[in-house]
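**Student:** missing the sequence, but the structure's below:
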């Protein structure tokens, strides 16, 4: 049987070169520096709008939002606001195409992948997953194993952002550090589980997304020493993947860049006010 190249895609929600490059140049992110010096890298344009749902849908399909049909976390159907799911992505996803050619795969924590697709391998859905009680894995029996290993399922990304925001508003540096440590522990746990699955499944394609940078940077981008801790943990994660000597190609990608939140503009409220003027 012909040997197939082994590829891993590591998605980093909200990762930005504004932080990665200077820290890599300073030697604080040695694995990122290694990848930059020995591979190709650059600044990519995000989607319009530059939000996680349309951007991740574009990454996994290769087409723009007007083709795959996802623009936000929510959509309106019959006058009701509904949460976007994998069923709303209209274009073929990369794992669906690879599945047709018999590739063994691990898809793990990619946003907008609930309910999970059936693939030749393992599929663990990402945010927003309805609850721990939902069937967020394929095969279904994998769920019990993951929960026994304290696998974190992101049911509501806004919840994580709100917790970070609350600690920032209180200027509680201990609370902020505790949150960063929690996210770092989650990264380590996902790494251990992923390595176990790679040994078990022997995949030719892996796609995993880590979302902690997005959740933290929304409100603590002005706390660079704390954000650096999370980038350093991700750097270690990537180094562990490289040390497996399993993959022929490694792709690290982000859905959008980042800046601090100064204000929130509600377009619908603005238009409604204008209509009532």
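**Tutor:** Now that the structure is in, tell me what you want to look at. Just so we're clear, the structure is a prediction, and the values are computed from it rather than from any experiment.
**Student:** gap between the residue nearest the centre of the chain and residue 59?
**Tutor:** For the chain, residue 209 is the residue whose C-alpha lies nearest the centre (CA atoms, centre = their mean; 3.4 Å). Distance check for residue 209 against residue 59: by CB to CB, to the nearest Å, it reads 9 Å. From N, CA and C alone the C-beta is placed, and that goes for glycine too.
**Student:** list residues touching both of those two?
**Tutor:** residue 11 (CB atoms under 8 Å, 6 or more residues apart in numbering).
**Student:** list the buried ones in stretch 84-91?
**Tutor:** Using 16 or more other CB atoms under 10 Å as the test for burial, stretch 84-91 gives 84-86, 88-89, 91.
**Student:** what's in contact with it?
**Tutor:** Contacts of stretch 84-91 (CB under 8 Å, 6+ apart): 53, 57, 60-63, 67-70, 72-75, 112-117, 125.
**Student:** now do 6 Å
**Tutor:** 53, 57, 61, 63, 67-70, 73, 75, 112-114 (CB atoms under 6 Å, 6 or more residues apart in numbering).
**Student:** any of these buried? List them.
**Tutor:** If we count by 16+ other CB under 10 Å, these have these buried: 53, 57, 61, 68-70, 73, 75, 112-114.
**Student:** packing partners of whichever strand or helix holds residue 199?
**Tutor:** Using DSSP states H and E, residue 199 sits in helix 173-201. When contacts are defined as 3 or more CB pairs under 6 Å, 6 or more residues apart in numbering; DSSP states H and E, helix 173-201 sits against strand 121-125, helix 157-169, helix 224-243.
**Student:** weakest of these in terms of mean pLDDT?
**Tutor:** Out of the helices and strands packed on helix 173-201, helix 157-169 stands lowest, with a mean of 63 (criterion: mean pLDDT).
**Student:** circling back: tell me the one of the buried residues of stretch 84-91 nearest residue 219?
**Tutor:** residue 84 (23.6 Å; CB to CB).
**Student:** how deep is residue 98 tucked in, by neighbour count?
**Tutor:** 22 (other CB atoms under 10 Å).
**Student:** which residues touch the host helix or strand of it?
**Tutor:** In this assignment (DSSP H and E), residue 98 forms part of helix 94-100. Outside helix 94-100, the residues within contact range by CB under 6 Å, 6+ apart are 60, 105, 107, 119-120, 205.
**Student:** neighbour-wise, which of the residues you listed leads?
**Tutor:** Of the contacts of helix 94-100, with other CB under 10 Å as the count, residue 107 tops at 28 neighbours.
**Student:** let me know the secondary structure of that residue.
**Tutor:** strand (DSSP: H, G, I helix; E, B strand; the rest coil).
**Student:** what sits against it?
**Tutor:** Residue 107 neighbours (CB under 6 Å, 6+ apart): 95, 123, 207.
**Student:** number of nearby residues for the first one?
**Tutor:** Read it as residue 95. 23.
**Student:** for residue 72, same thing?
**Tutor:** Residue 72 has 13 nearby residues by other CB under 10 Å.
**Student:** need the contact list for it.
**Tutor:** residue 53.
**Student:** what lies in contact with stretch 54-67?
**Tutor:** For stretch 54-67, using CB under 6 Å, 6+ apart, the contacting residues are 46-47, 68, 70-71, 89, 91, 93-94, 111-112, 255-256.
**Student:** with that, I have no additional questions.
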